[in-house]
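1. Build me a structure from this.
(one chain, ligands or ions: 1)
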Amino acid sequence: MTELIQRKLSDSKAARWTALAIVAFTMLCGYFLTDVMSPLKPMLEEELAWTSTDFGIFTSAYGWFNVFFLMLIFGGMILDKMGVRFTGMGACCLMLIGCAIKYAAVAGYIGAEGTIFGWKSQVALASLGYAIFGVGVEIAGITVSKVIVKWFKGKELALAMGLEMATARIGTMLAMAVTVPFAKYFQSVSAPVLLCLIMLCIGTISYMVYIVMDRKLEASMSAEEEEKEEPFRMSDVFLIIKNKGFWLIALLCVLFYSAVFPFIKYATDLMVNKYHVEQELAGFIPSLLPLGTLFLTPFFGNLYDRKGKGATIMIIGAVMLIGVHLLFALPILNEWWFATLVMIVLGIAFSLVPSAMWPSVPKIIPEKQLGTAYALIFWVQNWGLMGVPALIGWVLDTYCKLDTTNGGPAYDYTLPMIIFCCFGIVALFIAVMLKREDKKKGYGLELPNIKQ
Ligand SMILES: C[C@H](N)C(=O)N[C@@H](CCCCN)C(=O)O
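-> The predicted structure is shown next:
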């Protein structure tokens with residue numbers, strides 16, 4: 001007797017890891033452009049006469065449309081209604097359009113003279129481009145999360161998410177490492193943005209290849225499986241926001257990421273002011289952080305897949321975060337090697353929490369609502385990513401300025417570090433509540449992701 005066993009495409013190891021590699025590459029290209037302008041700040045000031053305020057306006061533009069126009073939330077709903085193929089391509093197009101506008105502005109093809117709303121036209125147009133790109137890359141982020149759940153649910157879900165984050169962080173590291181030499185080689189501050197545009201085109205082509213795989217995956221799913229998938233309804237949004245577990249994850253996300261991403265923006269300055277590291281070498285110590293997460297995020301993801309303990313991993317990460325910021329705040333061991341050790345511990349914490357947090361969302365929210373749920377979490381997180389750097393900047397200017405003999409600005413970083421530490425304390429409290437909620441509701445956060 002022959003038994004017909006229908007195998008889904010995602011049951012093939014080669015197929016699902018190939019799908020992951022393709023979409024992770026698209027994210028690498030997106031993360032590259034996200035951070036490409038940071039190392040260029042001095043060149044923008046010298047060559048294009050940008051001020052720090054111009055740079056601040058430009059940097060904050062990333063979140064404008066996502067936060068104030070709720071573009072991310074609409075993106076999540078479109079994702080759940082229209083699927084990963086349509087939304088992913090839409091996100092790639094937005095990234096391309098945004099990057100093209102940004103390049104045209106920085107290269108001086110548009111807005112070279114005059115002002116818009118009192119801002120230099122060039123700054124305003126580059127910001128507009130970055131704001132459009134910000135919508136694209138964030139929607140791409142939630143789409144790729146849903147893609148990974150589609151292929152890896154019940155399998156190596158956390159490892160796959162960890163590898164995707166690690167690949168994306170290569171984009172961040174490339175931005176830090178190659179941008180300035182590239183701009184200097186071509187003697188043009190806009191050359192790295194053009195490189196990003198080319199990379200984004202390749203990233204978009206790579207997503208088109210994924211679309212072909214996605215069609216094949218769906219064709220390989222049994223009719224029964226497809227029928228089980230009910231369509232997304234607007235009322236589902238209320239089901240998500242009524243879910244306590246969802247809010248605990250969203251709060252943990254905004255608190256945790258607010259204590260890491262904005263900290264990185266000030267970390268070089270902290271190394272100079274507190275640990276007396278030379279300006280030229282000061283960026284090296286914070287750069288260890290993304291480097292460490294490259295290896296550790298997939299490692300902890302794999303651990304979560306096989307052994308479980310997701311809620312416990314998040315608690316440990318939050319405890320480490322508190323310890324790190326406390327050590328940076330205390331007036332002890334103001335030595336570069338001590339700062340390096342503490343930064344390595346932060347790298348471990350920054351691998352622990354994301355490796356457990358993102359793969360835990362599908363355990364709390366049904367798959368058909370996942371796009372909207374990830375979008376809502378990103379939206380809450382974007383408030384922190386936008387507001388906290390501004391808060392720390394204001395605190396530094398208002399309360400932490402020191403008198404110097406050489407006339408240059410110097411800061412006492414104790415208060416900002418205490419603020420970061422407080423985010424960690426509240427994050428720990430939320431992580432403990434999440435573990436209790438998991439026990440009550442049986443989400444399975446402490447269980448392995450791989451079903452035997
Ligand atoms: C900045 C962005 N909103 C974000 O949170 N990115 C996360 C990765 C989230 C996707 C997980 N599949 C990050 O840690 O970079």
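2. Got the phi and psi for the residue of the stretch 151-300 of the chain found nearest the ligand?
-> Using CB to the nearest ligand atom, the closest approach of the stretch 151-300 of the chain to the ligand is made by Met161 at 4.6 Å. Where C-beta positions appear, they are placed from N, C-alpha and C, glycine not excepted. In terms of degrees, to the nearest 10, the main-chain angles of Met161 are phi -70, psi -40.
3. What of His276?
-> His276 has phi and psi values of phi 50, psi 40 when expressed as degrees, to the nearest 10.
4. Not counting residues beside it along the chain, what's closest to it?
-> What sits nearest to His276 in space, not counting adjacent residues and going by CB to CB, 6 or more residues apart in numbering, is Asn334, at 6.8 Å.
5. can I assume the one you found is in contact with Val272?
-> No. Asn334 is not in contact with Val272 according to CB atoms under 8 Å; the separation is 11.7 Å.
6. Among the two, which residue is more densely surrounded?
-> Legend: neighbour count by other CB atoms under 10 Å for Asn334 and Val272, higher for Val272 (17 against 12).
7. Now the helix or strand the more buried one falls within: buried residues?
-> Assigned by DSSP states H and E, Val272 belongs to helix 261-273. For helix 261-273, burial by neighbour count (16 or more other CB atoms under 10 Å) applies to 262-273.
8. Confidence-wise, which of those residues comes last?
-> Lowest-confidence member of these: Lys265, scoring 77 (pLDDT).
9. I figured it hits Ala390, correct?
-> No. If you go by CB under 8 Å, Lys265 and Ala390 don't touch, sitting 10.6 Å apart.
10. got the contact list for the residue nearest to Phe25 when sequence neighbours are not counted?
-> Leaving aside its sequence neighbours, Phe25 sits nearest to Ser206 (CB to CB, 6+ apart; 5.1 Å). Ser206 makes contact with 22-23, 25-26, according to CB atoms under 8 Å, 6 or more residues apart in numbering.
11. possible to save those residues as a markdown table with secondary structure, pLDDT and neighbour count?
-> Listed next are the contacts of Ser206 as a markdown table, based on DSSP: H, G, I helix; E, B strand; the rest coil; pLDDT from 0 to 100; neighbours: other CB atoms under 10 Å:
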| residue | secondary structure | pLDDT | neighbour count |
| --- | --- | --- | --- |
| Ile22 | helix | 98 | 21 |
| Val23 | helix | 98 | 28 |
| Phe25 | helix | 98 | 22 |
| Thr26 | helix | 98 | 31 |
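12. Report the contact partners of the residue in the stretch 251-400 of the chain positioned nearest to the ligand.
-> The ligand sits closest to Trp358 of the stretch 251-400 of the chain, with a gap of 3.9 Å, by CB to the nearest ligand atom. Residues in contact with Trp358 (CB under 8 Å, 6+ apart) are 145, 161, 165.
13. swap in Ser60?
-> 386, 390.
14. how about the residues of the chain near the ligand?
-> With the criterion set to CB under 6 Å from any ligand atom, the chain comes near the ligand through 138, 141, 145, 161, 164-165, 168, 354, 358, 378, 381.
15. burial of Ile425, as a residue count?
-> For Ile425, the neighbour count with other CB under 10 Å is 17.
16. again, but for Glu46
-> Look at Glu46: counted by other CB under 10 Å, it has 10 neighbours.
17. Next, find the distance separating it from Arg16.
-> 48 Å (CB to CB, to the nearest Å).
18. Likewise for Ser188?
-> 41 Å.
19. So for those two, which sits in the more crowded spot?
-> Neighbour count, other CB under 10 Å: between Ser188 and Arg16, Arg16 has more, with 22 against 16.
20. Are we agreed that that one is in a strand?
-> No. Counting by DSSP: H, G, I helix; E, B strand; the rest coil, Arg16 is not part of a strand but helix.
21. can you tell me how far it sits from the ligand?
-> Separation of Arg16 from the ligand (CB to the nearest ligand atom, to the nearest Å): 15 Å.
22. quick one: that residue and Phe152 touch, right?
-> Yes. Applying CB under 8 Å, one finds Arg16 in contact with Phe152, separated by 6.3 Å.
23. Mind listing the shared neighbours of the two?
-> Shared contacts of Arg16 and Phe152, counting by CB under 8 Å, 6+ apart, come down to 10, 160.
24. show me where the stretch 1-150 of the chain has strands.
-> Taking DSSP state E, counting those that start in this stretch to define them, one finds strands in the stretch 1-150 of the chain at 115-116, 119-120.
25. Could you look over those strands and pick the most buried one?
-> strand 119-120 (a mean of 18; mean count of other CB atoms under 10 Å).
26. Looking at the stretch 101-250 of the chain, which residue is nearest the ligand?
-> Ser145 (3.9 Å).
27. was I right about that residue contacting Met161?
-> Yes. With contact defined as CB under 8 Å, Ser145 and Met161 form a contacting pair (7.2 Å).
28. In terms of neighbours, single out the busier of those two.
-> Met161 (31 against 27).
29. Verify the stated contact: the more buried one with Pro359.
-> Yes. Contact criterion CB under 8 Å: Met161 and Pro359 qualify, at 5.1 Å.
30. So for these two, which residues contact both of them?
-> Contacts common to Met161 and Pro359, judged by CB under 8 Å, 6+ apart, are Gly301.
31. returning to that earlier point: need the three-state assignment for the residue of the stretch 251-400 of the chain closest to the ligand.
-> On the three-state scheme (three-state DSSP), Trp358 is labelled helix.
32. And the pLDDT at it?
-> 95.
33. again, but for Trp336
-> 91.
34. swap in Leu174?
-> pLDDT at Leu174 comes out at 85.
35. same question, Arg16
-> pLDDT, Arg16: 96.
36. now do Trp379
-> 94.
37. how close does the closest residue to it other than its chain neighbours get to Leu296?
-> The spatial neighbour of Trp379 that comes closest, neighbours along the chain excluded (CB to CB, 6+ apart), is Leu72 at 4.8 Å. Using CB to CB, Leu72 is found at 28 Å from Leu296.
38. And for Glu45?
-> 35 Å.
39. Comparing those two, which residue is more hemmed in?
-> Taking neighbours as other CB under 10 Å, Glu45 and Leu296 compare with Leu296 leading, 19 against 14.
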